[in-house]
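A.B. asks: would you be able to build a 3D model of this:
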Amino acid sequence: MRAMDCSRMASLKRTMGGQRRAASASAGAASRRAAAVAAAGVQSADDVRRAGPLVRFSQAMHAQSAQLKQFLFAHLYRHPQVMHTTGQAKAVVRELFEAYLADPLELRAEFASREDRHRAVADYIAGMTDRFALREHERLTGKRLL
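C.D. replies: The predicted structure is shown next:
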């Protein structure tokens, strides 16, 4: 067997061993969760609602989860580029709402004919794809934001 083949085989064995350990750990965690539910005497969905928390992270996992969430908020969810795009998207929705309220004839007929204009405009905008909303926004306002 060539050295490259041996190296690949060793790598595959390590990967497969890790997968087996992960599957075993997952099965063990599942059986512990099932035991916790059984110990609480849960027999129905209503029992679950009344029981309060039946399954939770360990303290170590809770700490890791909190650390991951903090990282994701700082570097992904609240990244300046994401926040800028989110602000522009909000402006598109707000300006579409204002434009349709000001001129309901721009709405499709089934929405324009509804009595509650605010609800009709909100429903119309909620049903738009992003691409259609951007085209409508540009058509109605003359501005291209995204």
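A.B. asks: okay, helices next: where are they in this structure?
C.D. replies: Ranges of helices in the chain, per DSSP state H, are 3-39, 45-51, 59-72, 80-102, 109-112, 117-126, 130-141.
A.B. asks: ok, residues contacting the last one?
C.D. replies: With CB atoms under 8 Å, 6 or more residues apart in numbering as the contact definition, helix 130-141 has outside contacts at 92-93, 95-96, 99-100, 106, 125, 128, 143-146. Yep, even glycine has a C-beta here, placed from its N, CA and C like the rest.
A.B. asks: ok, which pair from the residues you listed is furthest apart?
C.D. replies: Within these, Glu106 and Leu146 form the most distant pair, 19.9 Å apart (CB to CB).
A.B. asks: any chance of the helices of the chain in CSV, plus mean pLDDT and mean neighbour count?
C.D. replies: Formatted as CSV, the helices of the chain follow (pLDDT from 0 to 100; neighbours: other CB atoms under 10 Å):
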stretch, mean pLDDT, mean neighbour count
helix 3-39, 66, 10
helix 45-51, 86, 11
helix 59-72, 95, 10
helix 80-102, 97, 14
helix 109-112, 96, 13
helix 117-126, 98, 16
helix 130-141, 97, 15
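A.B. asks: domain map for the protein?
C.D. replies: 3-56, 58-146 (automatic domain parsing).
A.B. asks: surely Leu105 touches Ala112?
C.D. replies: Yes. Contact criterion CB atoms under 8 Å: Leu105 and Ala112 qualify, at 6.1 Å.
A.B. asks: next one: the residue minimising distance to the centre of the chain, what pLDDT does it get?
C.D. replies: Nearest to the mean C-alpha position of the chain, by CA atoms, centre = their mean, lies Tyr77 at 10.9 Å. Note for Tyr77: predicted pLDDT of 93.
A.B. asks: tell me how far it lies from Thr85.
C.D. replies: For Tyr77, the distance to Thr85 equals 12 Å [CB to CB, to the nearest Å].
A.B. asks: Leu107: how many residues sit nearby?
C.D. replies: For Leu107, the count of nearby residues is 20 (other CB atoms under 10 Å).
A.B. asks: coming back round to it: measure the residue nearest to the centre of the chain to Ala51 for me?
C.D. replies: Look at Tyr77 and Ala51: by CB to CB, they are 32 Å apart.
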